[in-house]
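J.: got a predicted structure plus its sequence, pasted below:
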Amino acid sequence: MASEFQPLLGGEVKDSVIDEVLAESGVGVLSMAAEGVPYGVPLSFGYDGEDTLYFVFLGATTELRKETYAEQTDVASFTTFDIGPAGAWRSVIVAGPLNRIEIAEWDTARESLAANAYQSNLLSEYELQENPNVWALEIRERSGRAVGQQ
């Protein structure tokens, strides 16, 4: 029996739909915590098609807020969604450890970012550094919900 709130709650989706949303979205919100204080930041991302999301932290402030939270968080969460016509929507939440990549991982990260990050063409101007400010979220938990499209 369907609830009157079903359009708000949605239904669970298969892993293949989760992969599809991650591969098509390109932008979402990365949530981290440091010393019990939450911090969510909208970011473009790349998805390797399996179990890793990549983020480039650009425009660092003098406080290095994103970096500080990323270094201190035990488990990060990332949310992305899309909204279609006539109220259809899909959302995905993934969680896992967040670590700065090593230089050897840069090619994989760059390919993933180029495949689906929002405005990935701007990343071609990003200079490869000895220690790139690119972070990887290893997906250990995943869930997705949808209404009107699956």
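T.: Right, received. Where do you want to start? All values reported here derive from a predicted model rather than from experimental measurement.

J.: make sure residue 135 is actually in contact with residue 70.
T.: Yes. With contact defined as Cβ atoms under 8 Å, residue 135 reaches residue 70; the gap is 5.6 Å. In this view, the C-beta of every residue, glycine as well, is placed from N, C-alpha and C.

J.: what do those two both touch?
T.: Taking Cβ atoms under 8 Å, 6 or more residues apart in numbering as the contact rule, residue 135 and residue 70 both touch 57, 98, 100.

J.: any regions of the chain where pLDDT drops low?
T.: Within the chain, the stretches with pLDDT under 70 are 1-8, 59-63, 119-132, 149-150.

J.: spatially central residue in it, please.
T.: Closest to where the C-alpha atoms of the chain average out (Cα atoms, centre = their mean) is residue 78, at 4.7 Å.

J.: the helix or strand harbouring residue 16 packs against which elements?
T.: Using DSSP states H and E, residue 16 sits in helix 15-25. For helix 15-25, the packing partners by 3 or more Cβ pairs under 8 Å, 6 or more residues apart in numbering; DSSP states H and E come out as strand 46-47, strand 76-83, strand 89-96, helix 106-116, strand 141-147.

J.: need the residues that contact the helix or strand just after it.
T.: Following helix 15-25 in sequence order, the next helix or strand is strand 27-34 (DSSP H and E). Strand 27-34 is contacted from outside by 38-45, 55, 68-70, 72-74, 76-81, 98, 117-118, 137, using Cβ under 8 Å, 6+ apart.

J.: before I go, just wanted to say thanks for your time.
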